[in-house]
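Student: Predicted model, plus sequence, below.
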Amino acid sequence: MTQSAHDPAQEQPQLDDRTEGDRHRLLAAKRRRLTLDILAGMTGAVELVELAAGIVAREDGIDGVDDETVSEVTIALHHVHLPVMAEFGIIDYDPIDRCIKSCPARTDAPGV
């Protein structure tokens with residue numbers, strides 16, 4: 001008896017498999033669009049707090065970056081936005097290490 005190789009790409013639904021409505025819901029949230037913009041072109045992992053600070057700076061200006069606001073955005077990203085984006089397969093999110101990587105496949109994804 002032989003075992004077949006495990007292919008995680010087959011488990012993850014591809015963005016192509018989603019409806020246009022799904023893609024619109026994904027990108028409807030401004031923080032998800034900002035996340036994609038910040039991650040664009042990055043090859044390494046980004047820490048969650050660093051991503052949150054970048055989003056706050058873009059939403060409120062560089063002078064609006066304070067610890068309380070960054071903490072609030074960090075929580076929203078961790079519990080709401082990043083899991084949705086990871087489910088779509090456009091980011092890799094490790095909730096334990098709190099690190100985010102842009103998936104290479106997302107640059108080829110239609111509608112993103």
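Tutor: Thanks, I have the structure now.

Student: For this protein, which segments count as helices?
Tutor: According to DSSP state H, the chain carries its helices in the segments 8-11, 20-28, 30-39, 48-60, 67-76, 82-88.

Student: do you know which of the ones you listed lies nearest residue 98?
Tutor: Ranking the helices of the chain by proximity to residue 98 (C-beta to C-beta) places helix 48-60 first, at 3.9 Å. Yep, even glycine has a C-beta here, placed from its N, CA and C like the rest.

Student: Quick one: distance of that closest one to the chain centre.
Tutor: Remark: helix 48-60 is offset 13 Å from the chain centroid, using C-alpha atoms, centre = their mean, to the nearest Å.

Student: Can you spell out which helices and strands pack onto that helix?
Tutor: helix 30-39, helix 67-76, strand 99-102 (3 or more C-beta pairs under 8 Å, 6 or more residues apart in numbering; DSSP states H and E).

Student: could you redo the last one with a cut-off of 10 Å?
Tutor: helix 30-39, strand 46-47, helix 67-76, strand 99-102 (3 or more C-beta pairs under 10 Å, 6 or more residues apart in numbering; DSSP states H and E).
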